[in-house]
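J.: Quick one, what's the 3D model for this:
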Amino acid sequence: MAKRRNYGSVTLEGYDELLAAFARVRDVVTEPLMSNEIHGAANIIGDAIKSKIHDVRGNLRKGIIIQRMKKDRGGISTIVFMNYKVAPHAHLVEYGVPHDRIAVSKDGQRYMMGDPSLPFGPFWKVGPMPARPYFRPSVDDNKGRALDKIMGGAIKIIGREFEKN
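T.: Okay, here's the model as predicted:
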């Protein structure tokens, strides 16, 4: 059995005041104040996504939406998402297309997409296309900056409140 050594004692003074200060911080950092900070963090990520997109027409860039969520869902949240009505091809650019698309008719006949003899009309051939990820890498690269924005805003809010008193 190991020997125990007595290194003395530690007295923590001001514990009640510390708990009162933490309770005050919880009351100070309110949803309306933090909502702006969280939306600012979402803008950092949204702008990073838009800057990483190599889009000729601009539909991918226009499809990135930054939106505050309704409060009835509980808490504060802002989301960054792709509007697929504006850019229905966004997932194809993000993940790529590994092979040529092949259409199969009801009788089992195989047609290459783009073949004008297709029984249900001509389609564009979608060939292999490498993935050009823009969304996930931008989120991964900038989540630290977004968190710093949120934490910095919370510290400013707390600092303003404690300077008043």
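J.: any idea how far His91 is from Met82?
T.: 8 Å (Cβ to Cβ, to the nearest Å). Yep, even glycine has a C-beta here, placed from its N, CA and C like the rest.
J.: Neighbour count for these two, which is higher?
T.: Between His91 and Met82, Met82 has the larger neighbour count (other Cβ atoms under 10 Å), namely 18 against 13.
J.: List the contacts of stretch 47-59.
T.: Residues lying outside stretch 47-59 but in contact with it, judged by Cβ atoms under 8 Å, 6 or more residues apart in numbering, are 60-61, 64, 80, 86-87, 89, 93, 132, 134-135, 137-139, 141-142.
J.: please redo it, this time with the cut-off set to 10 Å
T.: Residues outside stretch 47-59 that contact it (Cβ atoms under 10 Å, 6 or more residues apart in numbering) are 60-64, 66, 80, 82-83, 86-90, 93-94, 132-143, 145-146.
J.: before we move on, what about stretch 152-165?
T.: 21, 24-25, 27-30, 33-34, 36-38, 40-41.
J.: Show only the entries of the contacts of stretch 47-59 found in helices.
T.: 60-63, 90, 93-94, 135-143, 145-146 (DSSP state H).
J.: Just the buried ones out of those, please.
T.: Leu60, Arg61, Gly63, Ala90, Val93, Glu94, Phe135, Ser138, Asn142, Ala146 (16 or more other Cβ atoms under 10 Å).
J.: TSV please, covering those and showing distance to Glu17.
T.: Output for those, formatted as TSV (distance: Cβ to Cβ, whole Å):
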residue	distance to Glu17
Leu60	54
Arg61	52
Gly63	52
Ala90	53
Val93	56
Glu94	52
Phe135	47
Ser138	44
Asn142	38
Ala146	33
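J.: ok, and the most crowded of the contacts of stretch 152-165?
T.: That'd be Ala41 among the contacts of stretch 152-165, by other Cβ under 10 Å, with 23 neighbours.
J.: Enumerate every residue touching it.
T.: 78, 80, 142-143, 145-153.
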